[in-house]
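Chemist: have a look; sequence and predicted model below, questions after that.
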Number of protein chains: 2
Amino acid sequence: MIPANHPQLRSWIEVPQNHDFPIQNLPFGIFSTRGNPNNKRVGVAIGDYVLDLSAVAEHGFFNDLVELTDLSVFYESYLNPFIALGQSAWRATRQRISELLQHDNPTIRDNADLQKELLFAQKEVQMHLPVQIGDYTDFYSSLEHATNVGSMFRPDNPLFPNWKHLPVAYHGRASSIVVSGTPIRRPKGQSKPDYSEQPIFGASRSVDFELEVAFVIGKSTELGQSISVQEAENHIFGLLLFNDWSARDIQKWEYMPLGPFLGKNFASSVSPWIVTLDALEPFRTASPKQEPKVLPYLQFEGDKAFDIQLEVWVRAESGAEKLVCQSNFKYLYWNMAQQLAHHTVNGCNVNIGDLCASGTISGKEPNSFGSLLELTWGGKNPILMPDGSELRFLRDGDTVIMRGYAQKNGLRIGFGEVANQLLPAL
Amino acid sequence: MIPANHPQLRSWIEVPQNHDFPIQNLPFGIFSTRGNPNNKRVGVAIGDYVLDLSAVAEHGFFNDLVELTDLSVFYESYLNPFIALGQSAWRATRQRISELLQHDNPTIRDNADLQKELLFAQKEVQMHLPVQIGDYTDFYSSLEHATNVGSMFRPDNPLFPNWKHLPVAYHGRASSIVVSGTPIRRPKGQSKPDYSEQPIFGASRSVDFELEVAFVIGKSTELGQSISVQEAENHIFGLLLFNDWSARDIQKWEYMPLGPFLGKNFASSVSPWIVTLDALEPFRTASPKQEPKVLPYLQFEGDKAFDIQLEVWVRAESGAEKLVCQSNFKYLYWNMAQQLAHHTVNGCNVNIGDLCASGTISGKEPNSFGSLLELTWGGKNPILMPDGSELRFLRDGDTVIMRGYAQKNGLRIGFGEVANQLLPAL
């Protein structure tokens, strides 16, 4: 048995070089076919195709996997029931799929009828929100982002004294998290521009993206229970790209003293494919050194960061498109294991399907800043678009496209994209 | 047909004077009998009894109600499916229950066997979390509380400039909301005491309650849609008591700049019975005058506040019990209709079962402050308990009991209680 991550593996499905979804990736998602949008089911991405796991189960290919104690999970509208079967079930499933797709396995390869039942072109299917999200937490774990934003909102006090001692976070809104492709409506709300004595009401004039990566909880805990840094990664099912849409004018006026509310909760969007931690294993790397030393419950050994390149593109309604940000998941000061250990150290319970987003991922270089707020420095330094227009904050009709991939020695594990268009306010 | 709220109504079930659950109340909850805790179903409180609505449905008493399009909702583990049938269904159900319980209706009154099937003594049943909570929002709508806390945390800047222009709120944790009776574990976490240069880790030394009332969303909206102040109350199913447990030392160190996180998310607790807005109708009253004038989307007509008396009792492990706070829901500066209009003005969607809590409800008098933080002024002025002990913040073994009721002209509509004991840290 060749492990599903083996870099030499190749599939009988042709996967172009530098494609996000080679046989080593096999991310999980929820899809339906165009003609039948309500018939949601579990799929896995392979090259430009989706492998339908409900059909794979139907044909008995999972029958001998003792870890898969319930095959009905592949017919569900969310991945939660599949995730609930546990890490050994995810691994057995991924391993079996890998075997079925390996170039020398004739089972599906040589059966055209079977292929028709099991495989769908990605461009022919509709992707859905992959998990039912009970709670969503947003961290604030990029030192560069926190410093940049802090220096704009509070010039005399950019980084609070707690920041290097704990991974700051707040609770976000789960109901307004949508999948890639869903249009985002420009929010209305209160703001208090500098020129005005009184707050005003209207459509936000500073809608922004935030480049983030979120992890999906893979194992629930009971109230009162804590997860150690050492155990944390076993509670993570996988990762997806996360755009934390933000209205800066609304946020600036409302956020003191209890944090973001309407400036954030009008929408967040996620990529449809969840890339497992197993697939990302070859891309572990060191995180930035933490100084001062953190408290024992946050101390960790080994590499807990992952080298994942991240990009943000903005496409204007004219079609003009520009790469506005190149960042990396490894820039984060606080890693996922620390985030989850901190989140639960007080006994807060987590549930399968919960999302924990990283916070905006900015690097040191100006082109690595993960939001327009930072890239244009509050709109002061507009980005020149290829159509000659100026981008300060998002304009009606702009589409924000985030992409992510880990790449090393010819192996690429990608996330696909999260792409959403901003519509005018109602 | 006598309307379910009519003050002259009485039931053939004896309900003592000043009882929380007369025939005019009929709050909804989820219960199971002791021997069969997993068999959850919908019940209504009447006096010291629970009327089992699944059994009422079974006997055909709802069959002619055209608004009740699905009777299986009464066999569910949460009220959400019942609530989803809509306001006309809630009203028809409550009206029918009222009729069945009226003193001159012999149907159940004169049938001892039927009574055995339909009625359970409240002391014999177990109450459960009444709704599945998708998202939970906590407002901060008491001027007195915001001023008290602000002056302790930020003496030079107690009330932020936004406070009188919008109902400040933040997202809380839904997963850790538990029902009355569930023990609460003292949380551990980081804090930075004034005497220490560095943060320390350990069990919180300032666990507190917060006296709140929460409303339950009764009608969902789509992303992008807003609810007007005028429409807001039609989106509310009912109210319950809410204890927003807080660890002040953890909160103080972590909350800048993104708001409360681990200082709050270890637990919140709710009373098990949801009192409908219909039952509270006779107790409408005016709210405090809002000055400066609010923006048009927050302006309202008529009485949107409710006169609900609130009490907090602390019972020590010794059994010594003391009434430590007497407040009133009507003290709130921002009413529920304004809260919901603000929450959705940016297009944030709400779902049936979501909770919106008021924030701590403090009045002007020192004995009306809704948290120990305010009552003991950060622990400086301890409360003398009847057993001679001093209460600054909650001690291991203390039970916090919150009660609430509206009362006028001999009619009392009560909430029962939310009572939870604090256990030592693990």
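Modeler: Right, received. Where do you want to start?
Chemist: who's in contact with residue A:17?
Modeler: Shown in contact with residue A:17 (CB atoms under 8 Å, 6 or more residues apart in numbering or on different chains): residue A:410. C-beta coordinates here come from the backbone N, C-alpha and C atoms, glycine included.
Chemist: count of residues packed around residue A:377?
Modeler: The tally of other residues near residue A:377 (other CB atoms under 10 Å in any protein chain shown) stands at 16.
Chemist: nope, residue A:10 is what I meant
Modeler: Using other CB under 10 Å, the number of residues around residue A:10 comes to 16.
Chemist: burial count for the closest residue to it other than its chain neighbours?
Modeler: Leaving aside its sequence neighbours, residue A:10 sits nearest to residue A:103 (CB to CB, 6 or more residues apart in numbering or on different chains; 5.1 Å). By other CB under 10 Å, 13 other residues sit near residue A:103.
Chemist: next one: residue A:104
Modeler: 8.
Chemist: tell me if I'm right that residue A:88 and residue A:65 touch.
Modeler: No - using CB atoms under 8 Å, residue A:88 is not in contact with residue A:65, being 9.6 Å away.
Chemist: which of the two has more neighbours?
Modeler: Each of residue A:88 and residue A:65 has its neighbours counted (other CB under 10 Å); residue A:65 has more, 16 against 12.
Chemist: in three-state terms, label the more buried one for me.
Modeler: coil (DSSP: H, G, I helix; E, B strand; the rest coil).
Chemist: quick one: pLDDT of it?
Modeler: On the pLDDT scale, residue A:65 is placed at 98.
Chemist: what sits against the residue nearest to residue A:10?
Modeler: With CB under 8 Å, 6+ apart, residue A:103 has these contacts: A:10-12, A:109.
Chemist: for those residues, pick the one with the most neighbours.
Modeler: Using other CB under 10 Å as the neighbour criterion, residue A:11 leads the contacts of residue A:103 with 21 neighbours.
Chemist: now do the lengthiest strand in chain A: which elements does it pack against?
Modeler: When chain A is parsed with DSSP state E, its longest strand is strand A:411-423. For strand A:411-423, the packing partners by 3 or more CB pairs under 8 Å, 6 or more residues apart in numbering or on different chains; DSSP states H and E come out as strand A:184-185, strand A:236-243, strand A:268-270, strand A:275-276, strand A:399-408.
Chemist: which of these sits closest to chain B?
Modeler: Across the helices and strands packed on strand A:411-423, the minimum distance to chain B, taken as CB to the nearest CB, is reached by strand A:184-185, at 4.2 Å.
Chemist: now do that closest one: which elements does it pack against?
Modeler: Judged by 3+ CB pairs under 8 Å, 6+ apart, strand A:184-185 is in contact with strand A:411-423.
Chemist: quick check: neighbours of the strand it packs on in the sheet, parallel or antiparallel?
Modeler: Strand pairing for strand A:411-423, determined by DSSP bridges: strand A:184-185 (parallel), strand A:399-408 (antiparallel).
Chemist: domain parsing for chain A?
Modeler: Domain assignment for chain A by automatic domain parsing gives A:28-128, A:141-423.
Chemist: could I get those as JSON lines with distance to residue B:386?
Modeler: Compiled in JSON lines, the domains of chain A are given as follows (distance: least, CB to CB, whole Å):
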{"stretch": "domain A:28-128", "distance to residue B:386": "49"}
{"stretch": "domain A:141-423", "distance to residue B:386": "30"}
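Chemist: deepest of those, which one?
Modeler: Sort the domains of chain A by mean neighbour count, taking mean count of other CB atoms under 10 Å in any protein chain shown, and domain A:141-423 sits at the top with a mean of 20.
Chemist: what separates that one from the chain centre, distance-wise?
Modeler: How far domain A:141-423 lies from its chain's middle: 9 Å, per CA atoms, centre = their mean, to the nearest Å.
Chemist: okay, now it: how far is its last residue from its first?
Modeler: End-to-end distance for domain A:141-423: 30 Å, by CA to CA, to the nearest Å.
Chemist: repeat that for stretch A:402-415.
Modeler: End-to-end for stretch A:402-415, by CA to CA: 9 Å.
Chemist: show residues contacting it.
Modeler: Taking CB under 8 Å, 6+ apart as the rule, stretch A:402-415 contacts A:7, A:17-22, A:24-25, A:27, A:209, A:211, A:213, A:239-241, A:243, A:271, A:273, A:275, A:279-280, A:282-283, A:306-313, A:329, A:416-419.
Chemist: among those residues, which lie within helices?
Modeler: Taking DSSP state H, the ones among the contacts of stretch A:402-415 that sit in helices are A:279-280.
Chemist: contact partners for whatever residue of the stretch 1-150 of chain A ends up closest to chain B?
Modeler: Residue nearest to chain B within the stretch 1-150 of chain A: residue A:135 (5.2 Å; CB to the nearest CB). Listed by CB under 8 Å, 6+ apart, the contact set of residue A:135 reads A:171, A:174, A:350-351, A:354-355, B:173-175.
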